[in-house]
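[1] Here is my input, please return the structure:
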Amino acid sequence: MILRRIYMLFPGRRFADRAVADLVSMGVDQRHIHTIAREGVDITGLPKATVRQRRDLAGHLDQWLWDVNLLLFFFALVLFAIALFSASWGWAVAWLTVMGISFYLGYYFVRHIPHAHMSECRTALRHGEILLLVDVPQWRQAVIEKAMRTQHSEIEIGGIGWTLDGVGI
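    Numbering: from 1, shown residues only. Next up, the predicted model:
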């Protein structure tokens, strides 16, 4: 199942501790909360992120899928032009269909899949802030985000991304 990942930045450990306690009290499972901080920042006791999450595998997968889709579109465009030039109408329609599907997938990706990733929080992490990755279903995202903004004036929402539940990315 695809979950929304809320990137929450906190200026210090005590703020992150309170936020984790509040998230758990709101019904967010602790296995869906992941903490990332630079080397030397104490995050003992906070739910730690996996290696895949620290390396932002979702961001890399996101970029890879986008690049593959662009490559598919332009490959189909070249083959479409060749088919038109050689008057092979069946192949021209087939490659035009592939281009249409690729275009639709790209459009859907841009309009419906949130694109924030950990790379947008790197500067804050270098300055010693603590990043919480909170994975929630799409229908709970706005409620959790609003509640956290209300309860924690120090919070900085770094964006909304996506993750696959159970894959650990």
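
[2] How far off centre is the longest helix along the chain?
    Residue-count comparison of every helix in the chain, with assignments taken from DSSP state H, identifies helix 57-85 as the longest. Going by Cα atoms, centre = their mean, to the nearest Å, the spacing between the C-alpha centre of helix 57-85 and its chain's C-alpha centre is 21 Å.

[3] Also stretch 70-88?
    Computed by Cα atoms, centre = their mean, the separation of stretch 70-88 from the middle of its chain amounts to 32 Å.

[4] Mind listing what's buried along it?
    Neighbour-count burial for stretch 70-88, counted by 16 or more other Cβ atoms under 10 Å, picks out 72-73, 76, 79-80, 83. From N, CA and C alone the C-beta is placed, and that goes for glycine too.

[5] How about stretch 95-109?
    Along stretch 95-109, the positions that meet the burial threshold by neighbour count (16+ other Cβ under 10 Å) are 95-96, 98-99, 102, 106.

[6] swap in stretch 22-40?
    23, 28, 32-37.

[7] which one of these sits closest to Trp139?
    Val28 (13.3 Å; Cβ to Cβ).

[8] ok, the closest one to Ala92 distance?
    Separation of Val28 from Ala92 (Cβ to Cβ, to the nearest Å) stands at 52 Å.
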